[in-house]
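Mind folding the following:
(one chain, ligands or ions: 1)
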Amino acid sequence: MNDSARPSEVNAFQQVAPYYDTLMQGIPYIWWFHYVEALMDKLGRKADTVLDLCCGTGNLTQLFAINGYQSTGIDVSEPMIERAKQKALETDLPIYYEAQDASQFELDRRFDLVVSLFDSLNNLTDPDALENCFRQVKAHLNPEGTFIFDLNTEYAFTQKMFDQKDRKPSSPIRYLWTSRYDKKSRLCQITMNFWVTEDGEEKQFVEIHQQRAYSETEVQGMLQRAGFTRCQTFNAYTLKPPTRRSDRVFYAAY
Ligand SMILES: C[S@@+](CC[C@H](N)C(=O)[O-])C[C@H]1O[C@@H](n2cnc3c(N)ncnc32)[C@H](O)[C@@H]1O
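Residues are numbered from 1 along each chain as shown. Below is the predicted model of the structure:
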C-alpha cells in the first residue's frame, strides 16, 4: 500500500471493537440482509455459500448463517474478528472467521456470493489495494458467483455525514466524530472521540479513520480489469439507479 494514502495515525477498528455492537444497536442488519436477497432476485442470481468481506463483528455474517447459507467472514481487525468468533460460539453458528486484509486475502474455498457492506471498502484508500481486492474476490467466486458491495460517495463526504455525536450521560458509549474531506486527494479523515464509563470511571479513547471517495466510473473500470464482465449500480436500499445525490451506492458485479 502506498504510504502517503494511509497516515501512520490511522488506528481504525481496534479500541472500538468491544463497543461496536452497542454502537450498532440501531442498525437494521436484517433489512440489509433482505436487500441483498432482493438484489440477487432482481439479477436472477443464486447463492448457498457467502463470504462477508470486512465482516466486522459478524452481524450480517450471522444473519446469512441463520438463514441457511454456509457463511464465512474475514476482517483485517483482530479484535473485531475475535468478537465475531466469540458470538458464533455463543450462538452455536457454524461460521468460519479469519483475520485477513481484504486487498490480499487467500482462502481455501470459493463462494457463490461475496458481500461487503457498510462502506467497508471505502477504508481501502489506495486505489491499487481496492483493485487487488476486486481481483481476490473474483478469484474466490464460483463461475456463477456474484459480488455485492456498497460505497459511500463523494457527495456523502461533502455532506459531512460522519459528523455525529451522542454525548447523553445515559448512553453506554458517548462519542463525538468530526470529519475533514480533501477534494484533491478524495480522502476523508474522521476523528472519532469516544467516552465509556467502566467501574465508575470514565475512559476516553480516539480512533482516526480514513475513507476514500471512488467515482462509479473508477470502480467500474477496476471491476472490469479484475475480470468482472457485468456490473449494475443502485441507489442504496432501492432497486433504482443512483443519482447525483446518492450518499451510498450499491454495486452488483459478476
Ligand atoms: C464500518 S465497519 C463494517 C463492518 C461490517 N461490514 C458491518 O456491517 O458491521 C468496517 C469494517 O471494515 C474493516 N476493514 C477496514 N479495512 C479493511 C481491510 N483492508 N481488510 C479487511 N477489513 C477491513 C474494519 O476492520 C471494520 O470491521
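
how about low-confidence regions in the chain?
Low-confidence segments of the chain, defined by pLDDT under 70, are located at 1-10.

The residue of the stretch 151-254 of the chain found nearest the ligand: what secondary structure?
Nearest residue of the stretch 151-254 of the chain to the ligand: His209, at 8.5 Å (Cβ to the nearest ligand atom). All C-beta spots, glycine's among them, are computed from the backbone N, C-alpha and C. At His209 the chain is in strand, as set by DSSP: H, G, I helix; E, B strand; the rest coil.

neighbours of it, just the number please.
Using other Cβ atoms under 10 Å, His209 has 19 other residues around it.

How about the contacts made by it?
When contacts are counted by Cβ atoms under 8 Å, 6 or more residues apart in numbering, His209 is found next to Val10, Ala12, Phe13, Asn123, Gln189, Ile190, Met192.

change it to 6 Å
Residues in contact with His209, defined by Cβ atoms under 6 Å, 6 or more residues apart in numbering, are Ala12, Ile190.

and the stretch 101-250 of the chain, which residues reach the ligand?
Asp101, Ala102, Ser103, Leu117, Phe118, Ser120, Asn123, Leu124 (Cβ under 6 Å from any ligand atom).

can you give me phi and psi for the last one?
The reference is to Leu124. Geometry field for Leu124 lists phi and psi as phi -80, psi 90, criterion degrees, to the nearest 10.

what's the answer for the third one, then?
Summarising the backbone geometry of Ser103 under the convention degrees, to the nearest 10, its torsions are phi -80, psi -10.

Could you verify my assumption that it touches Phe134?
No. Distance between Ser103 and Phe134: 9.3 Å, which falls outside the contact criterion (Cβ atoms under 6 Å).

When the two are compared, which one has more neighbours?
Ranked by neighbour count (other Cβ under 10 Å), Ser103 and Phe134 place Phe134 first, with 26 against 19.

Next, the distance between the ends of stretch 86-102.
21 Å (Cα to Cα, to the nearest Å).

Identify the residues contacting that stretch?
Residues contacting stretch 86-102 (Cβ under 6 Å, 6+ apart): 53-54, 58, 61-62, 65, 71-74, 76, 78, 81, 84-85, 133.

Torsion angles phi and psi at the residue of the stretch 51-200 of the chain found nearest the ligand?
As assessed by Cβ to the nearest ligand atom, the ligand sits closest to Gly56 within the stretch 51-200 of the chain, at 2.7 Å. Note on Gly56: backbone dihedrals following degrees, to the nearest 10 are phi 60, psi -130.
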